[in-house]
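> here's a sequence, model it:
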Amino acid sequence: MKKFSILVFVLILVIGISAGCAFNSQNEKITGELEFETVDISTIENEDVLMWYQTHSKEEGVFYHDTEDSKFILLAAGEKPTGGYSVEITSVKATNEKIIVNGNLNSPKENEMVTQALTYPSQVIKIQRDERPVVLGEFNNQSQINKKRADVYEEKGIFIGFIDNNSVEIEIKGLPKAFRLSEQIKQQLQKNEPKSGQKVQFLYIKNQNEQMEITEITWNQNKEIGTYIGQIDDNSIEMKVNDKTNAYRLSEDVKENINKLATGDKVQFTYKENENGQLIILDIKKLSE
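Prediction:
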């Protein structure tokens, strides 16, 4: 009887230890380098993920969103004056308390042809579902490094007007400053120019005479994700953005592609407001089936 009692005690002890080990194993957090998958946002059909992306994609920083089986992570660089910028997530590391995201912001290459419009470079990835918060580690701003090497500067301000055919005045942080115009920008502004009081984003260099010379400039353009409602006529459509329905005019480049859209399609589009207050769509693409 005594031997039987000892045997029962040993069995209970072994079962208890095994259960404890199993519990610890299940709750043990993975640390170190984490595997991740790059996500093409245009393939996402989850409404919550799309809304999260739309909310944060124009901001600067790292953001995350949890679903049943995944954690989506967005690394965004904020507003840039032209195309050609890109964000690259280089590693994802985990400690017991948090997940750390590292990445690079790459700038346009010298003499590269880029979109002359505001852009919001970012990258979205996903990892396995994890309750730990996500923080930004190293975000190496390669664009700033390259700009310093090339003596190219990025600035924002309020357009005041032309000084003469070669120069404009822009208010920066409350102070008006004069800028020369490169030949390319002169031609651009001859066709279309910002109105006095409009916000502008631009790149400039210091030329051989130490004058600040604008090499790129954009203004009054916005990017949104919305739902296509339908055509009003050959020149106009209706879109729903953030539960608000608006009418938009179509640029000539967009008209030929609009027939590919169906009511209810999720789309990403760029638009501007013209001198008459009309919203003009400059480009549009379907996000999901």
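> wait, Ala76 sits on Gly61?
Yes. Using C-beta atoms under 8 Å, Ala76 and Gly61 qualify as a contacting pair, with a distance of 6.4 Å. Where C-beta positions appear, they are placed from N, C-alpha and C, glycine not excepted.
> quick one, which of the two is more surrounded?
For Ala76 and Gly61, the more surrounded residue by other C-beta atoms under 10 Å is Ala76, and the numbers stand at 21 against 13.
> OK, contacts around the more buried one?
His56, Ser57, Lys58, Glu59, Glu60, Gly61, Val62, Phe63, Val87, Tyr120, Pro121, Ser122 (C-beta atoms under 8 Å, 6 or more residues apart in numbering).
> what pLDDT does the model give Lys199?
At Lys199, the model reports a pLDDT of 83.
> do you know how far it is from Gly78?
Distance, Lys199 to Gly78, by C-beta to C-beta, to the nearest Å: 15 Å.
> domain ranges for the chain?
By the assignment in automatic domain parsing, the chain contains the domains 32-147, 151-219, 221-286.
> shaky segments in the stretch 51-200 of the chain?
Under the criterion of pLDDT under 70, the regions of the stretch 51-200 of the chain flagged as low confidence span 110-111, 141-151.
> any chance you could map the helices in it?
Secondary structure of the stretch 51-200 of the chain by DSSP state H, counting those that start in this stretch: the helices cover 142-150, 183-191.
> number of nearby residues for Lys156?
13.
> residues in a beta bridge with it, which ones?
For Lys156, the beta-bridge partners are Gln201 (DSSP bridges).
> and the gap between it and Phe202?
For Lys156, the distance to Phe202 (C-beta to C-beta) stands at 8 Å.
> OK, contacts around the residue nearest to Lys58 when sequence neighbours are not counted?
On the basis of C-beta to C-beta, 6 or more residues apart in numbering, the spatially nearest residue to Lys58 that is not a chain neighbour turns out to be Tyr120, at 4.8 Å. Contacts for Tyr120 were tallied using C-beta under 8 Å, 6+ apart; they are Ser57, Lys58, Ala76, Ala77, Gly78, Glu79, Lys80, Lys223.
> quick revisit: kindly indicate the member of the contacts of Ala76 with the most neighbours.
Counting by other C-beta under 10 Å, top hit in these: Ser122 with 24 neighbours.
> would you confirm that it contacts Leu74?
Yes. Distance between Ser122 and Leu74: 5.9 Å, which falls inside the contact criterion (C-beta under 8 Å).
> which residues do these two both contact?
Common neighbours of Ser122 and Leu74 are listed as Ser57 (criterion: C-beta under 8 Å, 6+ apart).
> strands of the stretch 151-289 of the chain, start to end?
Secondary structure of the stretch 151-289 of the chain (DSSP state E, counting those that start in this stretch): strands located at 152-164, 167-172, 175-181, 199-206, 212-219, 221-233, 236-241, 244-250, 266-273, 279-286.
> name the helices or strands packed onto the first one?
Of the remaining helices and strands, those touching strand 152-164 by 3 or more C-beta pairs under 8 Å, 6 or more residues apart in numbering; DSSP states H and E are helix 142-150, strand 167-172, strand 175-181, strand 199-206.
> just the buried residues of it, please?
The neighbour-count criterion (16 or more other C-beta atoms under 10 Å) identifies Val152, Glu154, Glu155, Gly157, Ile158, Phe159, Ile160 as the buried residues of strand 152-164.
> just the closest of those residues to Asp233, please.
Set against Asp233, the nearest of the buried residues of strand 152-164 by C-beta to C-beta is Phe159 (32.9 Å).
> I'd say the closest one and Trp219 touch.
Yes. In this structure, Phe159 is within contact of Trp219 by C-beta under 8 Å, at 6.9 Å.
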